[in-house]
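Peer 1: Here you go, sequence then predicted model.
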Amino acid sequence: MSFQRKVLQAAIWTAVQNWGGQFGSLLVFFVLARLLGPEDFGLVALANVFLAFVHIFLNQGFPQALVQRENLEPEHIDTAFWTNLVCGCILTIAGIAFAPLVAQWFDRPALVPILRCFSGLILINSLTDVQ
């Protein structure tokens, strides 16, 4: 396969990944906007802000480091996966434990169960970052 063809394939897959993710987010946005009232939709949006903030601490660059490594060995992959999983577990537990404090900070007590449910997504994300 020629270099130009590889570049074209990589560009196509990158576009599919980016646009597919954006399309999925837009679809979820429309479904939630239709099903939830304005107050509930705002609570979900606040929980998403919290989730995005916590995801910053979860994503420590392990996938990028693995891709850039010239000589990749199984120990590198295992270390990155398990470190990411342990961080995900810790952040999930912290998200569940600190949900009342975050809800109090936003002055929205109804946010507690949403934050606790969304904290499970942190663990799922930690499993998908380094497959």
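Peer 2: Arrived safely.

Peer 1: Can you list the buried residues in the helix-or-strand element of the chain with minimal mean pLDDT?
Peer 2: Confidence across the helices and strands of the chain bottoms out at helix 62-68, with a mean of 78, counting by mean pLDDT, DSSP states H and E. Residues of helix 62-68 classed as buried: Phe62, Pro63 (neighbour count, 16 or more other CB atoms under 10 Å). Using the backbone N, CA and C atoms, a C-beta is placed for each residue, glycine as well.

Peer 1: cool, stretch 10-27 as well?
Peer 2: Using 16+ other CB under 10 Å as the burial criterion, none of the residues of stretch 10-27 qualify.

Peer 1: follow-up on the earlier one: give me the contact list for the least confident helix or strand of the chain.
Peer 2: Leu72, His76, Ile77, Ala80, Thr83, Asn84, Asp129, Val130 (CB atoms under 8 Å, 6 or more residues apart in numbering).

Peer 1: Nearest to Pro38 among the residues you listed?
Peer 2: Relative to Pro38, the closest of the contacts of helix 62-68 is Asp129; by CB to CB it sits at 33.5 Å.

Peer 1: how about that closest one, what does it touch?
Peer 2: For Asp129, the set of contacting residues under the criterion of CB under 8 Å, 6+ apart consists of Leu58, Asn59, Phe62, Pro63, Asn84.
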